[in-house]
Structure formats: structure tokens, C-alpha cells
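J.: Okay, predicted coordinates and the sequence, questions at the end:
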Amino acid sequence: MSLDDFLKWLPPILVVLGWIVVNWQNDKRELRKEARTLIDAAKKSVGEIAVKAVNYHVDGQHGLAFEIKAGLDALEIECERLPFFVVKNSPLMGAHVAFSDAVTGGDFEATAPAKKAPNSPEVATILRTRTEMLAELERVFRVHYLGRGGSRHPWG
């Protein structure tokens, strides 16, 4: 192959390589956008569940028990779409379990659960685990979709 032959093929080769790079970048951007939407929806669910749980425990709105449990189930299904959620020692799974335990712990769904004070340890635990869950969702996005930040996951 002579230099002239190579120079004739160089522009089409560069166009194809450019198309591959642009397509790869577009795919990554779309994946990030989908993940951002998923994580934002999960964060919104976490906030709504936490508000309902505080109302349940503090205001005695016991009719919220079904909504709280249904919200936790839906949140788990959404989180299963994120990387490494269902693996052993997953930080996101740990945060979800801690949040679920805080929300449904104690005398949740008891016949006559006691009302808690707004500054009670139970409410503080709900709010702390909510914040940890939100932080873990953001960490998952940062690590797996932006390629930044530390990962507490054993292999990544």
C-alpha cells in the first residue's frame, strides 16, 4: 500500500473513528442521565418514607404503616437497578437495611404503639439512617457513573 492509497483512506477512517468515539460518549451520557433520574427518584422516595415514618411515630398516624412498607418495597426494587446492590457486603444494601430497620423498628404496627417525642432516639435514628441512605445513593452515582470518589465496596 502506497502513501497515496493510505491518504485516500485516511479521511473515511478518521470519520469512522470519530463516530465511534462520539457514539461511545453519547452512550455514557445517556447512562448517566438515566442513573441520575433513578437516584433522584430513590432519594425522593427516601425522603417521603422518612416523613411518613416520623408522622407515624410522633403524631400517631398509624394508617401510614401500609404506605411506609409499600414505599420501602418500591425503594428496594429501584435500588436493585443500581450496581452492586444485591451483592454481599453492599454499602447501599446496608444503608437500605438500616433505614428500613429504623423506620419499621420498635413497636411498629403494634396494637397500641406509643407516641414518640420529636427528639426521641427512634426519630433521631430514622433521620440519621435517612441521611446515610441519601449519602450512599449519591456515592453510588459518583463512583459508578462519574468515575470519581472513593468506593467502600470490597472490589471497586
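T.: Ah, there it is. Numbers count the residues shown, from 1 in each chain.

J.: residue closest to the middle of this protein?
T.: Geometric centre of the chain, nearest residue: Leu137, 3.6 Å, by CA atoms, centre = their mean.

J.: For that one, which three-state class applies?
T.: For Leu137, the assignment made with DSSP: H, G, I helix; E, B strand; the rest coil gives helix.

J.: On the three-state scheme, Glu122 is what?
T.: Assigned by three-state DSSP, the conformation of Glu122 is helix.

J.: so it touches His57, yeah?
T.: Yes. Counting by CB atoms under 8 Å, Glu122 touches His57, with 5.8 Å between them. All C-beta spots, glycine's among them, are computed from the backbone N, C-alpha and C.

J.: where's stretch 89-96 relative to the chain centroid, distance-wise?
T.: 10 Å (CA atoms, centre = their mean, to the nearest Å).

J.: low pLDDT regions in this protein?
T.: 149-156 (pLDDT under 70).

J.: mind listing the helices for it?
T.: With DSSP state H as the criterion, the chain has helices at 3-59, 65-79, 91-104, 121-145.

J.: Take those helices and lay them out in CSV including distance to Phe85.
T.: Shown next, in CSV, are those (distance: least, CB to CB, whole Å):
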stretch, distance to Phe85
helix 3-59, 11
helix 65-79, 5
helix 91-104, 5
helix 121-145, 8
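
J.: Of the ones you listed, which is nearest Thr111?
T.: Judged by CB to CB, the one of the helices of the chain that comes nearest to Thr111 is helix 65-79, at 11.9 Å.

J.: Could you check the angle that closest one makes with helix 91-104?
T.: Orientation of helix 65-79 against helix 91-104 (axes from the mean of the first three to the mean of the last three CA atoms, to 10 degrees) gives an angle of 180 degrees.

J.: Pull out the buried residues from helix 65-79.
T.: Under the neighbour-count criterion of 16 or more other CB atoms under 10 Å, helix 65-79 has Ala65, Ile68, Lys69, Gly71, Leu72, Leu75, Glu76, Glu78, Cys79 buried.

J.: Tabulate those residues in CSV, adding columns for distance to Lys44.
T.: As requested, the buried residues of helix 65-79 are exported to CSV (distance: CB to CB, whole Å):
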residue, distance to Lys44
Ala65, 20
Ile68, 15
Lys69, 18
Gly71, 11
Leu72, 14
Leu75, 10
Glu76, 15
Glu78, 10
Cys79, 13
